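*Asks:* model the following, please.
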Amino acid sequence: MTEAGIHLAIILASTGVLFGVFAVIFAVKKEKACKLIGGFNFFTEAQQAKYDKAAIARDYQKLFTVWTIGAFVFAPLCLWLDWWAFGAAFILFLFSLGKEMHIDAEKAFEKYKL
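*Replies:* Model prediction:
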């Protein structure tokens, strides 16, 4: 266990706590939490009414839950594998984030249209 591994584990665990907070916010607030989603919050009320907010909130809750679990799985691995575990966690996070990112907000939420 190196000092770098301890710091990396703390970073991942802190990130996991942050993702967990967002997962809870989306679980509790449901449709109201959609205001936190970049792109969707720029839609007018009339535009937002065209989308299934419950499904959006549910999907984002699942996404943040998966990220939380991933952070807490890789945090102890950082104590043992240092930068290798942190790098693997970061690459997996970027891969899953890349699947969710879109330049056009309409395209990002088209699967939720009513």
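*Asks:* which helix or strand lies directly C-terminal to the longest helix along the chain?
*Replies:* Taking DSSP state H as the criterion, the chain has its longest helix at helix 53-81. Counting by DSSP states H and E, the element after helix 53-81 in chain order, helix or strand, is helix 83-100.
*Asks:* any residues touching that next one, and which ones?
*Replies:* With contact meaning CB atoms under 8 Å, 6 or more residues apart in numbering, helix 83-100 is reached by 4, 8, 11-12, 63, 66-67, 70-71, 74, 77-78, 108. For glycine as for every other residue, the C-beta is placed from the backbone atoms N, C-alpha and C.
*Asks:* could you do stretch 38-52 as well?
*Replies:* Defining contact as CB under 8 Å, 6+ apart, one finds that stretch 38-52 is touched by 34-35, 56, 102, 105, 108-109, 112-114.
*Asks:* try stretch 73-81
*Replies:* 1, 5-6, 8-10, 12-13, 16, 85-86, 88-89.
*Asks:* mind doing that once more with 6 Å?
*Replies:* With contact meaning CB atoms under 6 Å, 6 or more residues apart in numbering, stretch 73-81 is reached by 1, 5, 8-9, 12-13, 85-86, 89.
*Asks:* list buried residues within those.
*Replies:* With neighbours counted by 16 or more other CB atoms under 10 Å, those contain buried members at 5, 8-9, 12-13, 85-86, 89.
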